[in-house]
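>>> Got a sequence here, can you model it:
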Amino acid sequence: MGSLKTYGVFQKTRRVLKILGVFLSKTRREFPPNSPIPRYTIPMEQTPPQTKSPLVRQQKVVLRRIRAIDAEIRSGSYPNTNDLAKKLEVGVRTISRDLDEMRLFYNAPIAFDRSKNGYYYTENSFYIKDISLSEGELFSVALFERLLSGYRNTPLETHLRSVFRKIAESLGERATIDTMYLDDSVTYISEPLAQIDAEVFNTVFSAVRQSKEITFEYRPLQKQTYMTRTVKPYHIVCQKGSWYVIGLDDYKNGIRIFAFSRIKNAAFTGNAFSIPEDFDWRDYIDADIGVWASAKKPYKIHLRFSAEIATFASEHIWSRTQTITQNDDGTVDVVFETTQLPEVQRWVLGQGHTVEVLEPTELIEAVRKELETMTTMYGKR
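Predicted coordinates:
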């Protein structure tokens, strides 16, 4: 079930990733598929709380000149040092130093065309991309690498680490952060994850993007053997590092949810499809509780937590629909709606006597039946 998040770091990390997403999507639109990927930089300008040092002010002036020089070179006007010095109202030696910095720190592919007496980029797609990050956002970038453990079971880990490495390289010596949160004094624990085959991961994602039917071998949770399934994949869900695809299963003739980790030998059938207009992935899962059953019927869940874990119950966000009531005897009642009865059942059983199910009847009976089975199993010993 859901848990409280470190909201501040989470929001800052989201903004950093959003910036990256906008930049990368812009890159795909503006440059041909086979063209070199443009390099970019993320300058960090740290300033004291009240006043800026002369060095910081000087760095900002240099950055503005570099952006202007980059724009002139990309315009195709073949500017030389005299042209740039006149336009920017600085000396020729200053422009020469700026060009050297662009080559050294930005890996700018600058060359001089003698016939046109000016500079140009040997890579047409190159440009200097500036993204300003606050100190908190820069910390989130550094923290980002540690949080990648949640994707270690997917090909995304390699890609995301590559993105992080490029960010770190582009920052260079422009910024430093206190590494107290990144050393051995802090430990990050992710949930144990099932391994996902890279080919399966890429095939399913491609099928969803292209609206193409796929076939694969699938092992249901309750079975030891694989079954061949043909599926029209509609939507992908990641829950706590576990990946699922929701789609129309030809074998069951209905919407089903498949775990990536239990799929093998995924391949395209060659058939295209269109997603029905009335399909909504939210009808088949509960984003708060989890992905367990492709059920659409919502249930009102009423749980009573004993006084010994009252604080735990009241401080957690179980669902966006929840209501929490503190009772006079110290117990806490939590009420919310979900379609995922099996997920709630598993969680309740894991809490032992500290949690009592008051509603619905279906959940009470499911818990009672499971307890009777466990009593019989342990009673034989």
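
>>> From now on I want contacts and neighbour counts done on CA atoms only, so please keep to that.
Noted.

>>> Helices of the chain, start to end?
7-30, 54-74, 81-88, 92-105, 135-147, 156-171, 198-210, 310-315, 341-351, 361-379 (DSSP state H).

>>> Which strand in the protein has the most residues?
strand 227-239 (DSSP state E).

>>> That one versus helix 198-210: what angle between them?
Per axes from the mean of the first three to the mean of the last three CA atoms, to 10 degrees, the angle that strand 227-239 makes with helix 198-210 is 80 degrees.

>>> okay, strand 227-239 in PDB with CA atoms only?
Provided in PDB are the C-alpha atoms of strand 227-239 (Å, rounded to 0.1, in the frame of the first residue of the first chain):
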ATOM      1  CA  MET A 227       1.000 -20.300 -21.900                       C
ATOM      2  CA  THR A 228       1.000 -18.600 -25.300                       C
ATOM      3  CA  ARG A 229      -1.000 -15.400 -25.300                       C
ATOM      4  CA  THR A 230      -1.900 -12.900 -28.000                       C
ATOM      5  CA  VAL A 231      -2.500  -9.400 -26.700                       C
ATOM      6  CA  LYS A 232      -3.300  -5.900 -27.900                       C
ATOM      7  CA  PRO A 233      -1.300  -3.800 -25.400                       C
ATOM      8  CA  TYR A 234      -3.100  -0.600 -24.400                       C
ATOM      9  CA  HIS A 235      -1.200   0.800 -21.400                       C
ATOM     10  CA  ILE A 236       1.900   0.300 -19.200                       C
ATOM     11  CA  VAL A 237       1.900   0.700 -15.400                       C
ATOM     12  CA  CYS A 238       4.900   0.800 -13.100                       C
ATOM     13  CA  GLN A 239       4.100   0.100  -9.400                       C
END
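
>>> Neighbours of the nearest residue to residue 108 once chain neighbours are set aside, how many?
For residue 108, ignoring the flanking residues on the chain, the nearest one in space by CA to CA, 6 or more residues apart in numbering is residue 102 at 5.5 Å. Residues within reach of residue 102, counting by other CA atoms under 10 Å, total 20.

>>> Likewise for the one 3 residues further on?
As a burial measure, the neighbour count of residue 105 was computed by other CA under 10 Å and equals 14.

>>> distance of residue 65 from residue 257?
Residue 65 sits 54 Å away from residue 257, going by CA to CA, to the nearest Å.

>>> Who has more neighbours out of the two?
Each of residue 65 and residue 257 has its neighbours counted (other CA under 10 Å); residue 257 has more, 22 against 18.
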